[in-house]
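coordinates only, sequence not included:
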């Protein structure tokens, strides 16, 4: 055993270990021992109960065997290793050659980069030279183009047809003039300026001749103004050229245009007015055609009265609108052509508002065209355009204004005046939408003529009603009065024209007439000897008035509201008047007793006249049915409107039931209440059923 132990010592390699020295520390020995014990191989050996030294020698032996096997493997693989070494050396040679080639390539690329940089520098230099040459070329080209005058341009200016192509040539000439004017004085500019002046003078002369030819052309009979203006509009650039380069000629043409066209328009409208007025109705309203005129008086044969004789088809009336408002739906219809009507053999007559519409539409069309032409052709702004328009159309507008002034001063046709104002209002709105302000002052002047005259006519009509003496009226009865009918038709006509309250003048006129007519109705009613006839007259007139007005317009108005209130008040009073004869005692008893009961502190102290109460119950039980029949006959005979009479009768029946109901309520209250009841009392429910039968028969 000694030899193995010696071998073990050598293998452990303890060397000159000195365990007695003081320099060695054994503080961590326990830790190392514990770490070794946790090793997997040591733990496996300990678990098997092996001796560690024996186990160590086994491991050592195994390692020697493995080493010998590895050496044997290396010896066997040595030929392969030698071959591999040869290949590695061969690869090193290839890589060395590639390195040399890449070096050569790098050198060549360096040379190419230098060449590229050189080319870039050359390109930049050439680009700068090219830009400089282009700048020089552009400057010279503009100069040469601006200074040179082509033969085609000169030929067009001298000999070309004046049309849109001529306008293009003028535009080129204008550009050259502007270009030369912007250059410094030099020999070349002086030479070109002389040639341009010749061309400008020639162009001015030719444009002047052309425009004057078109202007003078409208002086010929049957010439078409609109066609000539359209031709001039195509050459508007030519006039702009003149205004810029030859103001004297431009002013001459402008003045010639104003002088010619103002005369032509004035002549046209003067002739048109003369022929147009021959189409007006021969019979027109005069100062005798007032609302308060007496139909019984001896008036002219063509009176505007409301007689039963039919009017001629061509006539209109003073106070009714009829179909006259149809003109408002024809505002843009073709104008009336008097000679065409005459050539057709027609004898068509028109109310004045239709002639007025035709005249104003012709004026509006002509004025709009003139204003737009002046703006586009003469190139002037709105303020200058309005001034120019007044110069051109001033004569015609003054002519029309004077005609209307003379016509309005003698007219008594208030409905016609309102229709004319409506026409003006619609045309004003049309021009505002088109942004054409040329006729604003003219329309204001027209309205300044019409509304004051309308106010005068209204005052005359009111004065005529106020001057009526009811006692002097002929054939006055309880039926609607003809003066009230005139007012009703007139009021309905104006309300239909003034829907929406567009004219304050009309609203004020209606308010004034309403008050006067209401007063007139009361004055005439006062001529009847008894209140019953007065109420019948009032109700018939109010009802007729409202029927006529409501048939003319669907909009509510002060007139309708006021007269409806008057009608309701009169119907209520008439219903009481009807009941006062058969049931006057009952009505008086109910009212006085209700007052006593309301004032009494102790109702038991109120005296009861039983005989009087019994007589009232007896009389009502006996008379109520005959009284209803009598009232029905009397009402149907007294009122011209069946529906109105029915309403009045129903109102009277309702009042009768109400009075009787109040009478029964009194009899049921102390001190009138009886345990045995009152004799001859009609059951309220029965009374209501019977009255309802009457109402259903009437309704």
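All right, it came through fine. Please read all numbers here as calculations on a predicted model, not as lab measurements.

From here on, just use CA atoms for contacts and neighbour counts.
Fine.

Checking residue 317 next. Helix, strand or coil?
coil (DSSP: H, G, I helix; E, B strand; the rest coil).

count of neighbours near the residue nearest to residue 477 when sequence neighbours are not counted?
Among residues not flanking residue 477 along the chain, residue 537 sits closest, at 7.5 Å (C-alpha to C-alpha, 6 or more residues apart in numbering). By other C-alpha atoms under 10 Å, 27 other residues sit near residue 537.

Return the backbone torsion pair for residue 670.
Phi and psi for residue 670, reported as degrees, to the nearest 10, are phi -60, psi 150.

My guess is it contacts residue 602. True?
No. Assessed by C-alpha atoms under 8 Å, residue 670 is found out of contact with residue 602, at 9.8 Å.

out of these two, which sits in the more crowded spot?
Higher neighbour count among residue 670 and residue 602: residue 670, with 15 against 10, using other C-alpha under 10 Å.

how close does that one get to residue 620?
For residue 670, the distance to residue 620 equals 22 Å [C-alpha to C-alpha, to the nearest Å].

SS state for the residue lying closest to residue 450 once chain neighbours are set aside?
Closest residue to residue 450 apart from its sequence neighbours, by C-alpha to C-alpha, 6+ apart: residue 417 at 6.2 Å. Counting by three-state DSSP, the backbone at residue 417 sits in helix.

Surely residue 417 touches residue 456?
No. Taking contacts as C-alpha under 8 Å, residue 417 lies outside contact range of residue 456: 11.6 Å.

In terms of neighbours, single out the busier of those two.
residue 417 (21 against 14).

From residue 199, how far off is that one?
60 Å.

what do you get for residue 615?
Distance from residue 615 to residue 199, by C-alpha to C-alpha: 123 Å.

more crowded one of those two?
residue 199 (19 against 15).

so what's that one up against?
154, 157, 158 (C-alpha atoms under 8 Å, 6 or more residues apart in numbering).

Quick one: buried ones out of the residues you listed?
154, 157 (16 or more other C-alpha atoms under 10 Å).

for the contacts of residue 199, which one is nearest residue 257?
residue 157 (24.0 Å; C-alpha to C-alpha).

can I assume the closest one is in contact with residue 202?
Yes. With contact defined as C-alpha under 8 Å, residue 157 reaches residue 202; the gap is 7.0 Å.

shared neighbours of these two, anything?
Here residue 157 and residue 202 have no joint contacts, going by C-alpha under 8 Å, 6+ apart.

Show me how far the helix or strand hosting residue 256 is from its chain's centre.
Using DSSP states H and E, residue 256 sits within helix 247-276. When distances are taken as C-alpha atoms, centre = their mean, to the nearest Å, helix 247-276 is centred 38 Å away from the chain's centroid.

just for the stretch 501-650 of the chain, where's the confidence low?
501 (pLDDT under 70).

Mind jotting down where the helices sit in it?
Taking DSSP state H, counting those that start in this stretch as the test, the helices found in the stretch 501-650 of the chain are 504-525, 531-552, 558-599, 610-638, 642-667.

can those helices go into TSV with extra columns for distance to residue 110?
Shown next, in TSV, are these (distance: least, C-alpha to C-alpha, whole Å):
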stretch	distance to residue 110
helix 504-525	101
helix 531-552	107
helix 558-599	108
helix 610-638	130
helix 642-667	121
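
Find the one among those with the highest mean neighbour count.
helix 531-552 (a mean of 21; mean count of other C-alpha atoms under 10 Å).

For that helix, which helices and strands make contact with it?
helix 482-497, helix 504-525, helix 558-599 (3 or more C-alpha pairs under 8 Å, 6 or more residues apart in numbering; DSSP states H and E).

for the helix holding residue 256, which positions count as buried?
Going by 16+ other C-alpha under 10 Å, helix 247-276 has these buried residues: 249-250, 253-254, 256-258, 260-266, 269-270, 272-273, 276.

Please name every helix or strand in contact with that helix.
helix 187-217, helix 236-245, helix 338-343, helix 382-410.

That one to helix 236-245, inter-axis angle?
With axes from the mean of the first three to the mean of the last three C-alpha atoms, to 10 degrees as the basis, helix 247-276 and helix 236-245 are set at 130 degrees to each other.

residues touching the residue nearest to residue 450, list them.
353, 450, 451, 454.

ok, now with 10 Å
352, 353, 408, 411, 423, 447, 449, 450, 451, 453, 454 (C-alpha atoms under 10 Å, 6 or more residues apart in numbering).

Residue 230 contacts residue 373, correct?
Yes. Here residue 230 reaches residue 373: they are 8.7 Å apart, a contact under C-alpha atoms under 10 Å.

that older thread, distance to residue 194, pLDDT and secondary structure added to the contacts of residue 417, as TSV?
Formatted as TSV, the contacts of residue 417 follow (distance: C-alpha to C-alpha, whole Å; pLDDT from 0 to 100; DSSP: H, G, I helix; E, B strand; the rest coil):
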residue	distance to residue 194	pLDDT	secondary structure
352	65	91	helix
353	64	93	helix
408	64	94	helix
411	69	92	coil
423	60	95	helix
447	59	95	helix
449	61	95	helix
450	63	96	helix
451	65	96	helix
453	67	96	helix
454	69	95	helix
